[in-house]
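Student: no sequence for this one, just the structure:
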């Protein structure tokens, strides 16, 4: 499994809007992409920093989604008043979440 981590910063008072966009726009669009395995959105209400972590079945699937992900990231940043700070890619070494 592979992960792409997008870090954005914006006004802390718009955190709810940024997380709403992740839930209502980014996640549904991700589900349409081949190899998409899920997403986590994290937010720091004090700094206005958000992390969007998307998970991909293979490195190839993650790479194939780059253009669509870039477009979604830019649209989300603009709508939430955010600046894109970084985009990083990793191989997932451990993934366990208790239900």
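Tutor: Now that the structure is in, tell me what you want to look at. Remember, it's a predicted structure, so these values are computed and weren't measured experimentally.

Student: Is the residue nearest to the spatial centre of the chain bridged to anything, and to what?
Tutor: Nearest to the geometric centre of the chain sits residue 52, at 2.8 Å (Cα atoms, centre = their mean). Counting by DSSP bridges, residue 52 is bridged to residue 6, residue 41.

Student: residues in contact with it?
Tutor: Counting by Cβ atoms under 8 Å, 6 or more residues apart in numbering, residue 52 touches 5-6, 8, 22, 26, 39-42, 73, 76. Using the backbone N, CA and C atoms, a C-beta is placed for each residue, glycine as well.

Student: what's the burial count for residue 71?
Tutor: For residue 71, the count of nearby residues is 11 (other Cβ atoms under 10 Å).

Student: now the one 5 residues further on
Tutor: Other residues lying near residue 76 total 21 when counted by other Cβ under 10 Å.

Student: what's the single longest helix in this protein?
Tutor: Counting residues, the longest helix in the chain under DSSP state H turns out to be helix 66-80.

Student: Quick check: buried residues in it?
Tutor: For helix 66-80, burial by neighbour count (16 or more other Cβ atoms under 10 Å) applies to 69, 72-73, 76-77, 80.

Student: Residue 16: which of those is nearest?
Tutor: Nearest to residue 16 among the buried residues of helix 66-80 is residue 80, at 9.5 Å by Cβ to Cβ.

Student: Give me the contact list for the helix or strand of the chain with the lowest mean pLDDT.
Tutor: Lowest mean confidence among the helices and strands of the chain (mean pLDDT, DSSP states H and E): helix 15-21, at a mean of 85. Around helix 15-21, the neighbours that count as contacts under Cβ under 8 Å, 6+ apart are 8, 10, 41, 43, 45, 48, 50, 76, 79-82.

Student: Repeat that for stretch 26-37.
Tutor: So stretch 26-37 is contacted by 1, 39, 41, 52, 54-58, 60-62, 64-65, 68, 72, 76 (Cβ under 8 Å, 6+ apart).

Student: mind listing what's buried in it?
Tutor: 26-27, 29-30, 33, 35-37.

Student: Would you mind measuring the gap between the ends of that stretch?
Tutor: 13 Å (Cα to Cα, to the nearest Å).

Student: how distant is that stretch from the center of its chain?
Tutor: Remark: stretch 26-37 is offset 11 Å from the chain centroid, using Cα atoms, centre = their mean, to the nearest Å.
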